[in-house]
Each structure stands twice: as structure tokens, then as C-alpha cells.
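Novice: what follows is a predicted protein model with its sequence.
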2 protein chains.
Amino acid sequence: MEAELLKKCTDAGIRITAQRALIIETLIVSDDHPDADLVYRRAVERDQSISLPTVYRTLNLLEDAGIIKKINMNDGKARFEPVRKDHDHLIDADNGHIHEFQNQELKKILDSIANEMGYEVIDHRIEIVGRKRGESNCDCIQIKVY
Amino acid sequence: MEAELLKKCTDAGIRITAQRALIIETLIVSDDHPDADLVYRRAVERDQSISLPTVYRTLNLLEDAGIIKKINMNDGKARFEPVRKDHDHLIDADNGHIHEFQNQELKKILDSIANEMGYEVIDHRIEIVGRKRGESNCDCIQIKVY
DNA sequence: GTAGATGCAAATCTTTTGCTCGCCC
DNA sequence: GGGCGAGCAAAAGATTTGCATCTAC
């Protein structure tokens, strides 16, 4: 996995430095969806000298090259993940946990929608916000009304 | 439309002030998807005395009440629109134009996906990034590779 | 050797907050 | 009248940038 990503980088003309390799490895090891600051905090544990601006610069670089993907939780921070098999996210409204899923039917629908509008799909962002069935949301203090 | 939104506000216990009414009207008049600063700049044309913090406070208030919706273009700024009929967005990759669409089939799929995972859908965010068919993307300078 | 990358510090941009004054009900 | 809202200024948080130094190729 890591070698694969590093190859993608060199193929894209991205120079591999110690910092970039560490950031890439950090992303691979992370099975959640860290924001830039969290990537930095995880990376700095392994290399004290890495800096936050470098993390930002590297994440932007990798995103522009299509090697990682920026995802958005509407929490004001950009989060990142390596581009893997196509998948989308279901976010648990109560605890913020992120579940991943894949659905071919969904992709077909997107294609046909875009097609009807005269477009072809080149990317998409899909997030389902959901609540576990069976858990009532009325017996607890709830600020936001969905 | 405006009276309708104002009613939603009073129903939600939101006091209607001159500033809030102006912000709501600004949102209704806007057929694009303005960010907070743009809402502010549009509103200030009509009332010199309105302030940016008030715009932010009002937008958050309206969003928490479910009267407007925050949408995200991955450009680092939150954008807003009144909650209208359910719809999603297709973003033109070349010029950033936002098209809206509705598709029942899509909603059914989301329901069944969530259902399979033991969840029920309480919200969703869907954006298709597309390119107009027939327009080549190879004959022009292109920085981002999608 | 040289173009490009890094670290540091500071700037920038978006959004939020403390406080005082003013206005809606 | 009293509480809630507004404006101002400043803080806070996320992200970017200028510049001198260092490094991958």
C-alpha cells in the first residue's frame, strides 16, 4: 500500500522527502479521517522536526495530484484519506463515527442524473447522516433539530 | 416565500429583527449559494449598519432551526441556502456553476444503504462534480487532474 | 550543482466571542 | 422593564506565505 502510493507520487513528479514519506505513511496507518492538525500530531510523534506548514503543503500537493482526497464533515476542518477503492461515508449523527460503504447502484444513478443534465461525472461527494435504528432521540437533551 | 420563512422563524421562537429580516430576504433573493461574507456584502448594500458578526450569528441561528442549510464546496467557506424542496447539487468542474437536481430514485437508494447498515437517514449531502459532455479537457491548460 | 522542499514566524482568512448599548415584546 | 439582539473590537482556529536554509536528484 505504501509502496504503491509512493510510486504514484514519483509518477506524478513528486519528490519523495523524508517528511512526505512520513506523512503518507501516517495517512495509510490512520484508519479514521484525520484533519491536517491530527496528521501533524501523529507524524510529529515519529519525527520531532516535522512542521505543520509542511503537512499542509504536502496534503495539498497530494490532493492536487489525486493521490489523497479531501473530505468534509461540515466541522470547519478539511479531513483527508488516501484515494482507495471508491467508497462513500455514512456519518453517525449521535457520535460522529464515520462508516464507509460502496454501492454500484448509487454510482449508476449518479451517472444517469449527470447524463440527463448533459454532464459526465468526474467526481462526487456523498455523505449520509444517519441515526442508529431503535435508538430514540427524544429521551435525551438534543440541541440540534434535524 | 419570504413570509413563509418569517413564519418558520417565529414558529421556532426566533425573534424577527430588522437585520434578521434583511438577511433572510437576501438569502431568498440570492439564486446562487453565497457564503457568509457575500451575504454580508449584499445585505450591507441595503442597510449600511449591519455587521458581519450579526450575519454569522443569524446564519447559525437559522441553520440550527433547520430553516436554512449549510452546503460545502470544499473551498474552505460555508455556503448557505434556504431549505426548499429537497434537492442536490451538480457542480461544473470547469466554471464552478452549481446546478440543482432532484431524484427520487437516489433517495430510495440512500435509504436502503443506510437501512442495510442499521441506520435511518436523517440528512445527506450529495455533490456531483461533472464536466459538460463534448467539451474536451485536454486542449486547455489544466492544473488540477481529476 | 540546482531546483525544489523545509522550518520558522508571521500573515491571511473565516468564524466566534466578550462586552456594552440599544431595541423588541 | 427586562431580556435578547446588535455592533464593535478582538480572539480563536484553520490555512497559507515569505524567506533563509537545507536536500533530493
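Specialist: Everything's here; your move.
Novice: pick out the residue in chain A sitting closest to DNA strand C.
Specialist: residue A:54 (3.1 Å; CB to the nearest atom of the strand). In short, each C-beta sits where N, CA and C put it, glycine included.
Novice: may I ask you to confirm that that residue is in contact with residue A:19?
Specialist: Yes: using CB atoms under 8 Å, residue A:54 is in contact with residue A:19, at 5.3 Å.
Novice: gap between the residue of chain A closest to DNA strand C and residue A:66?
Specialist: Applying CB to CB, to the nearest Å, the value for residue A:54 to residue A:66 is 20 Å.
Novice: got it, and residue A:42?
Specialist: Distance check for residue A:42 against residue A:66: by CB to CB, it reads 23 Å.
Novice: between the two, who's got more neighbours?
Specialist: The neighbour comparison of residue A:42 against residue A:66 (other CB atoms under 10 Å in any protein chain shown) goes to residue A:42, with 18 against 14.
Novice: got a list of what that one touches?
Specialist: A:26, A:29, A:30, A:34 (CB atoms under 8 Å, 6 or more residues apart in numbering or on different chains).
Novice: secondary structure element holding it?
Specialist: helix A:36-44 (DSSP states H and E).
Novice: close to DNA strand D, is that helix?
Specialist: Yes: interface with DNA strand D: helix A:36-44 contributes A:36, A:37 (CB under 7 Å from any atom of the strand).
Novice: buried residues, that helix. List them.
Specialist: For helix A:36-44, the neighbour count (16 or more other CB atoms under 10 Å in any protein chain shown) marks A:36, A:38, A:39, A:40, A:42, A:43, A:44 as buried.
Novice: ok, stretch A:19-32 next?
Specialist: Result for stretch A:19-32 [16+ other CB under 10 Å]: buried residues A:19, A:20, A:21, A:22, A:23, A:24, A:25, A:26, A:27.
Novice: and it, how far from the chain's centre?
Specialist: 12 Å (CA atoms, centre = their mean, to the nearest Å).
Novice: which neighbouring elements make contact with the longest strand seen in chain A?
Specialist: In chain A, assigned by DSSP state E, the strand with the most residues is strand A:119-132. On a contact count with 3 or more CB pairs under 8 Å, 6 or more residues apart in numbering or on different chains; DSSP states H and E, strand A:119-132 meets strand A:68-72, strand A:88-92, helix A:104-116, helix B:104-116, strand B:119-132.
Novice: got the buried residues for the second one?
Specialist: By neighbour count with 16+ other CB under 10 Å, strand A:88-92 contains the buried residues A:88, A:89, A:90, A:91.
Novice: please apply the same query to the last one.
Specialist: Buried positions in strand B:119-132, judged by neighbour count with 16+ other CB under 10 Å: B:119, B:120, B:121, B:124, B:125, B:126, B:127, B:128, B:129, B:130, B:131.
Novice: follow-up on the earlier one: closest to residue B:49 out of the helices and strands packed on strand A:119-132?
Specialist: Nearest of these to residue B:49, taken as CB to CB: strand A:68-72 at 33.9 Å.
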